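Q: Give me coordinates for this.
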Amino acid sequence: MLAAPLLLAALACVAPADVPADVRPVDADQWARFRGPDGAGVAAGTFPDTFTQADFAWTTPLRGTGVSSPAVWGDAVFVTAGDGGKRLLYRVDAATGQVVWVKDVTVNPDGPPAEPSLHAKNDPASATPAADASRVFALFSDGERIVLSAFTHAGEPLWRRDLGPFNGQHGHGTSPVRVDVPAEDAAGAGAVRELLVLTNDQDEEGGVLALDARTGEPVWTAARDSREVAYATPVVLRRPGQPLALLTASGAAGIVALDAATGAELWRTGEFPARVVASPVIAGGKAWAQCGSGGAGKLLIGADLATGDVQVEHTRSLPYVPTPVAANGLLFLWGDRGVVTALNAADGEVVWAERVGGNYSGSPIVIGDKLVCVTEEGVVTVLAADDEYRLLGKTELGVASSATPAVSGGRVVFRLEDRLVCLPLSPAPAR
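A: Here you go, the predicted model:
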């Protein structure tokens, strides 16, 4: 094994880049949503350059398939799957890989789910679950409706909310996120502070909505024009002395900053020329987002976090589906067709660009000082997260994957097409 079990508890996620320690997220030690704390995709630990299947702590088969990523809270790994007409939510033990429970989540109370219209790379299980200390939230759409369901960690149902019909050629794909509004930002003593936030940009209408995570009741809605389905999941913007904010992105609106407590719009960059799939990223004092089509990015922008003024634009060698990731003053763009580019996050200048090969739908993450991304063919590619390009290793997992890994408790959990695998990490080196 690559790490002794006693070391695992000492490893945790780290606060996202550009976030001072005094405003770190309350779930910074968990991987409770798509791309972990605040959606930054950054974790501590020492990831191996290469490994073998003998290094896995466990492998757990799943019924059905999916492209959603795992979410982890403590000893619980949550993941979704689609098995014919069933929509499944799993809880798996993080230490052993044992299935603790699996729930057949009701999408259509009157019968089997409708057959959704899906892109060839989409799946009925595309939304990553969100979790907090006592609950897990799963989202499914069958093309006729979008349904959010909440369960306890013990698998007991708490609430179910039908959010209405879904209109989109390629199917649904954005993920819910749990957001805790700070007391100083809450509008009054009775204000709801435990939010579940979801973007809902469809082919004809769109917006962002926040529900009370305890009950599923609506708290606020930020409506906006929509041109086509957008797949970006919100990220959280934390700045000392400023109210908590959310960054969202869509083709019709561009990057939009919202007050997390009220949903009030703070700024927007304006329309993108194409569809938005990847989520926003915070780096170098800017909000970054991209659009594209046909497996290639068309435009990447970097906007001032305070005003939304666009300061950087790129139109060459861009990703479409994979979300970038930031570390060490750099923004790493991992292209769908295997071209990786490092930008200086402060000014957007290209530092290096190299072809690593492979096709990618999952997003890169940073573990310690390394970039990690998994090809659609199931090859884990590892690069140095540095201003000099270095390919450190490739490892074949043997099964296809379109998901982004999760990192928590000294473990990396990979979601492959029909299974989960867990790789223990070594502890991060002392600084």
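
Q: burial count for the closest residue to Asn108 other than its chain neighbours?
A: What sits nearest to Asn108 in space, not counting adjacent residues and going by Cβ to Cβ, 6 or more residues apart in numbering, is Asp142, at 6.2 Å. Any C-beta I mention is one placed from the backbone N, CA and C, and that applies to glycine too. The local packing of Asp142 (other Cβ atoms under 10 Å) involves 21 other residues.

Q: From Tyr389, how far out is Asp142?
A: For Asp142, the distance to Tyr389 equals 44 Å [Cβ to Cβ, to the nearest Å].

Q: Kindly report the same for Ser141.
A: Per Cβ to Cβ, Ser141 is found 39 Å from Tyr389.

Q: Give me the more crowded residue out of the two.
A: Using other Cβ under 10 Å as the criterion, Ser141 and Tyr389 rank with Ser141 on top: 25 against 15.

Q: my guess is that one meets Pro165, correct?
A: No. Contact criterion Cβ atoms under 8 Å: Ser141 and Pro165 do not qualify, at 9.3 Å.

Q: Give me the buried positions along stretch 206-224.
A: Across stretch 206-224, burial judged by 16 or more other Cβ atoms under 10 Å covers 206-211, 213-214, 216, 219-220, 222, 224.

Q: no, scratch that, I was asking about stretch 333-350
A: 333-336, 338-346, 348.

Q: so can I have JSON lines of those showing pLDDT and distance to Trp288?
A: What follows is those, written out as JSON lines (pLDDT from 0 to 100; distance: Cβ to Cβ, whole Å):
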{"residue": "Leu333", "pLDDT": "98", "distance to Trp288": "9"}
{"residue": "Trp334", "pLDDT": "97", "distance to Trp288": "13"}
{"residue": "Gly335", "pLDDT": "96", "distance to Trp288": "15"}
{"residue": "Asp336", "pLDDT": "95", "distance to Trp288": "17"}
{"residue": "Gly338", "pLDDT": "96", "distance to Trp288": "20"}
{"residue": "Val339", "pLDDT": "97", "distance to Trp288": "17"}
{"residue": "Val340", "pLDDT": "98", "distance to Trp288": "16"}
{"residue": "Thr341", "pLDDT": "98", "distance to Trp288": "12"}
{"residue": "Ala342", "pLDDT": "98", "distance to Trp288": "13"}
{"residue": "Leu343", "pLDDT": "98", "distance to Trp288": "9"}
{"residue": "Asn344", "pLDDT": "98", "distance to Trp288": "12"}
{"residue": "Ala345", "pLDDT": "97", "distance to Trp288": "8"}
{"residue": "Ala346", "pLDDT": "97", "distance to Trp288": "12"}
{"residue": "Gly348", "pLDDT": "97", "distance to Trp288": "9"}
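
Q: Which members of the residues you listed occur in strands, if any?
A: 333-334, 339-344 (DSSP state E).

Q: can you tell me which two in those are farthest apart?
A: By the measure Cβ to Cβ, Val339 and Asn344 form the most distant pair in these, at 17.7 Å.

Q: Next, Gly285: phi, psi?
A: Dihedral pair for Gly285: phi 70, psi 20, per degrees, to the nearest 10.

Q: Can you tell me the closest non-neighbouring residue to it?
A: Spatial nearest neighbour of Gly285, excluding adjacent residues (Cβ to Cβ, 6+ apart): Leu305 at 5.8 Å.

Q: Can you name the residues that contact that neighbour?
A: Contacts of Leu305 were listed using Cβ atoms under 8 Å, 6 or more residues apart in numbering, and they are 237, 239, 257, 282, 285-287.

Q: What of Ile365?
A: Contacts for Ile365 (Cβ under 8 Å, 6+ apart) come out as 35-36, 41-43, 325, 371-373, 404-405, 407.

Q: what bridges to it?
A: With DSSP bridges as the criterion, Ile365 is bridged to Val372.

Q: Just the pLDDT at it, thanks.
A: Looking at Ile365, its pLDDT reads 98.

Q: again, but for Pro427
A: Per-residue pLDDT puts Pro427 at 69.

Q: go on, the one 4 residues further on?
A: In this model, Arg431 is scored at 55, pLDDT.

Q: where does the closest residue to Val177 other than its chain neighbours land in three-state SS?
A: Closest residue in space to Val177, ignoring its immediate chain neighbours: Arg33 at 4.8 Å, by Cβ to Cβ, 6+ apart. Reduced to three states with DSSP: H, G, I helix; E, B strand; the rest coil, the structure at Arg33 is coil.

Q: Narrow the buried residues of stretch 206-224 to those in strands?
A: Reading strands off those with DSSP E, I get 206-211, 219-220, 222, 224.

Q: In terms of distance to Ala150, which of these ranks first?
A: For these, the minimum distance to Ala150 (Cβ to Cβ) is 9.1 Å, reached by Leu211.

Q: quick one: contacts for the closest one?
A: Here Leu211 is in contact with 148, 161, 195-198, 217-219 (Cβ under 8 Å, 6+ apart).

Q: Is it possible to get CSV of those residues that adds distance to Ala385 and pLDDT?
A: Output for those, formatted as CSV (distance: Cβ to Cβ, whole Å; pLDDT from 0 to 100):
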residue, distance to Ala385, pLDDT
Leu148, 35, 93
Arg161, 39, 94
Leu195, 32, 96
Leu196, 31, 97
Val197, 29, 97
Leu198, 30, 94
Glu217, 42, 96
Pro218, 40, 95
Val219, 37, 95
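
Q: can I assume Val136 sits in a helix?
A: No. Using three-state DSSP, the assignment for Val136 is strand, not a helix.

Q: Identify the bridge partners of it.
A: Counting by DSSP bridges, Val136 forms beta bridges with Ala131, Phe151.

Q: That one contacts Phe151, doesn't it?
A: Yes. Using Cβ under 8 Å, Val136 is in contact with Phe151, at 5.4 Å.

Q: quick revisit: quickly note the distance from the residue nearest to Asn108 to Leu158.
A: Note on Asp142: its distance to Leu158, by Cβ to Cβ, is 21 Å.
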